[in-house]
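Asker: Turn this into a structure:
(chains A and B)
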Amino acid sequence: VKGKAMLTRKIRLTIALVWSTCLGSAATVYDVRVSTAPLIGHTAGPFSLELQFNDGEGLGDANNTAVLSNVSFELGQPTGLPSVVGGVTGDLGSSVTMTDSSFFNQFIQSFNPGGTLSFRLSLSTNTDAGGVPDEFSLAILDSSGVEIPTLGPANALLIIDINSPVPAISTFPTDATQIPNAGGQPIDMAAPSVSSAAPEPASWGLLATGLTAIMMAARSRRCAK
Amino acid sequence: MTFQSIRTLNVIVLFATACSATIVPSSDAGRLRDAADLVLVGQVTAVLDGSPTLLSNPGGTISGHPQTASILIARVLKGSHDVGATSITYFVPDVPNGFGSVAPGQFGVFFLSQLTDQVWAPADPYHFVLPALTVGPSLGGDATTAEVLAVLGSSQAAAADRTIALGALRQVSGPDMTAALRSAMASTDRQLHWSAAGALLTRGDLDALTSVRAILMASLSADDQPYVDGIGTALRGEAQNSQAVPMLVAILSSVNPEIRRGAALAIGLAGGATAISSLPGSLSDPDMLVRYYAVVGLGRATNQPDWTPSLDVFQSNEQQWLAYWKSQFPSCASDVSAQFTVSRGGFRLNNATKRYVQSVTVTRKAAGATGPFALVLDGLSANATLFGAAGTTACSSPAGSPYLIVPGAATWATGDAVSLQLEFVNPTNGGIVYTPRVLAGGPNR
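Answerer: The predicted model follows:
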């Protein structure tokens, strides 16, 4: 009985270890929604989705990635080909992977707006040395290639500073008093909503593998006895 | 020889020694070695108390009793004695007066004077034993010094023994001593740590200054506070060390007034251009003694004895002296980075301005200097320039760094924060790297 209790305790400890390891190594996953309805028919269009993923350390250390997937423009759609600078691959049809392999990494994709732009963002969270975090940011550019005015730094709608395993997220609405650079009326758009999503499938797979291995090990021990 | 006769002889010797020992002498190992007829390393195996008696000296009669300690000899360092055992008799006063004594099991270097062929007494009643290691040292040079030095440099030795060893080696220099002191500075024992740091600073050891700089800049724990005065004093030893001057200037902004006093005094003693460039900022220091040392240092550096008051004269009309020196040297801002936390966000390119934007929050974490405050970007990447910089440093080293004035009141409470948006012109999109620094005062930065 004592041996069984000890085995149970070991299994519990191992499960806890595997669980914490899985969570620690999994990317942080967010579901992001931007209400783009105010852009429909606006004279400052066509608009573009602009993403930046810049290296805090300034070296292009490539220690973090941001992956966009499940991109939906609702009734809208992307138009033309994306424009990229630095460590960016992929497209919105499948997924876009951004790596901070250069100081400046940028993805721009023009689109016809629908009611909502939504996507899943999977972000690794390795902290840079030197006190300046890698930063993921999102903005919407008007037809002149300039961000529509927001209340955020550099007219960003969303900023995520990877300064800890649980990064700081900042969202900002548009500045409803400022006329876009390309003209037309000021745009009144709410701040994006960002919610934490469940761990991505790869993480679940890792967890399931670990648990299966533990169960098999426990069973083999019982059989041996 | 009977115990009574030993006691009698020893009392005579002790009397003669005590007559000239109205001030407790140092435990300097070299002095003890020179004073001793016999220096040996060994272990006390037993201690035997004698009958109560009186010891006469010029200050009066001291009551106490003799003790005789048996010593198992391990090594003889000076003089001659058969390897084996010996004994030493010394006087233990009822009221402690600094006289030394030993305990069974104690291992050390014993400094002895010969009374007769078989009778040994302390060469110095205050200090006649210093700690030693059971395994003989491998260091060269003087054997006595090597024994004690081995204790100081041994992480296995007790911190109390290492501290005693350090006190006995104050006059010793050289690479072995430096190595032992650095080892001692790594100790977790606060007294040993700070004593070793102070000894290294006194020797002008730049590595020590580098090592303790971060500690000196930060708020000290209550455990460390008692030792700060000693460090402040030790900093004065850096006055003639030209390599240490930049460190001393940095330490002028320590949150510890005792440290700032030591740095200000050392810079003042060093004199020259460094004093002229760095001490004006200390004229506005919240600590009166720092302000005084700044005045004295500037008077010395500019050869103006008429404007170099004594402390009591300075205190009687401080504003007069400060006003004069401030008029001579329009204030140069001082580095108060230790009193602030600068938290930096990431970078984003603003497509409208083509400038990179970075959010920075400056938070006051310790009280001290008053503003205006400036955020300085030292070592900014050559590919980037700070947009809207208020200027570049010329007065506060390092020179040539761009800075911004931090908006807000001149006096911040601890915990108050101000957020800034820094903008960088960076046409090549190269990395942007810099080290933030906070300056207080002005107008010169």
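Asker: Give me every residue in chain B that's in contact range of chain A.
Answerer: Contacts of chain B with chain A, taken as Cβ under 8 Å from any Cβ of the partner chain, map to B:344-352, B:356-359, B:381, B:421, B:429-433. C-betas here are computed from N, CA, C, even on glycine.
Asker: Show me where the stretch 1-150 of chain B has its strands.
Answerer: Along the stretch 1-150 of chain B, counting by DSSP state E, counting those that start in this stretch, strands occupy B:38-49, B:53-57, B:60-78, B:85-93, B:107-114, B:120-122, B:129-131.
Asker: how about stretch A:183-198: buried residues?
Answerer: Residues A:G184, A:P186, A:I187, A:M189, A:A191, A:P192, A:V194 are the ones in stretch A:183-198 that count as buried (16 or more other Cβ atoms under 10 Å in any protein chain shown).
Asker: Distance to B:L386 and secondary structure added to those residues, as a markdown table?
Answerer: Rendered in a markdown table, the data for these read as follows (distance: Cβ to Cβ, whole Å; DSSP: H, G, I helix; E, B strand; the rest coil):
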| residue | distance to B:L386 | secondary structure |
| --- | --- | --- |
| A:G184 | 34 | coil |
| A:P186 | 31 | coil |
| A:I187 | 31 | coil |
| A:M189 | 32 | coil |
| A:A191 | 29 | coil |
| A:P192 | 30 | coil |
| A:V194 | 31 | strand |
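Asker: For stretch B:62-81, give the mean pLDDT please.
Answerer: Within the predicted structure, the mean pLDDT of stretch B:62-81 is 92.
Asker: Quick one, which of the residues of chain B next to chain A are buried?
Answerer: Buried residues within those, counting neighbours by 16+ other Cβ under 10 Å: B:344-352, B:356-359, B:381, B:429-433.
Asker: Show only the entries of these found in strands.
Answerer: Among these, the members falling in strands are B:R344, B:G345, B:G346, B:F347, B:R348, B:L349, B:N350, B:Y356, B:V357, B:Q358, B:S359 (criterion: DSSP state E).
Asker: roughly how far apart are the first one and B:L420?
Answerer: Using Cβ to Cβ, to the nearest Å, one gets 10 Å for the distance from B:R344 to B:L420.
Asker: what secondary structure does A:S69 sit in?
Answerer: Assigned with DSSP: H, G, I helix; E, B strand; the rest coil, A:S69 falls in the strand class.
Asker: Now do the same contact list for the residue nearest to it when sequence neighbours are not counted.
Answerer: Nearest-residue entry for A:S69: A:S95, 4.2 Å, with adjacent residues in sequence omitted and distances by Cβ to Cβ, 6 or more residues apart in numbering or on different chains. Contact partners of A:S95, counting by Cβ atoms under 8 Å, 6 or more residues apart in numbering or on different chains, are A:V67, A:L68, A:S69.
Asker: List only buried entries from those residues.
Answerer: Listed as buried from these are A:V67, A:L68, A:S69; burial here means 16+ other Cβ under 10 Å.
Asker: For my notes, please list the contacts of A:S95 in CSV and give pLDDT for each entry.
Answerer: Listed next are the contacts of A:S95 as CSV, based on pLDDT from 0 to 100:
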residue, pLDDT
A:V67, 96
A:L68, 96
A:S69, 95
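Asker: residues near the residue nearest to A:D175 when sequence neighbours are not counted, how many?
Answerer: Nearest residue to A:D175, sequence neighbours excluded (Cβ to Cβ, 6+ apart): A:P149, at 4.1 Å. Under the neighbour criterion other Cβ atoms under 10 Å in any protein chain shown, A:P149 is assigned a count of 19.
Asker: Ok, the one 3 residues further on next?
Answerer: Neighbour count of A:G152, defined by other Cβ under 10 Å: 24.
Asker: just checking, it touches A:T174?
Answerer: No: applying Cβ atoms under 8 Å as the test, A:G152 and A:T174 come out as separate, 9.3 Å apart.
Asker: Point out where the chain drops to low pLDDT.
Answerer: Looking at chain A here, since you left the chain open. Within chain A, the set of residues satisfying pLDDT under 70 comprises A:1-26, A:198-225.
Asker: meant chain B actually
Answerer: Under the criterion pLDDT under 70, the flagged ranges of chain B are B:1-24, B:58-59, B:204-220, B:225-226, B:228-230, B:232-234, B:236-244, B:331, B:409-410, B:443.
Asker: What ranges does it have for its helices?
Answerer: Per DSSP state H, chain B has helices spanning B:3-19, B:29-35, B:143-152, B:159-168, B:175-185, B:190-202, B:206-217, B:228-235, B:245-251, B:257-270, B:272-278, B:288-301, B:311-316, B:318-328. These are given in chain order.
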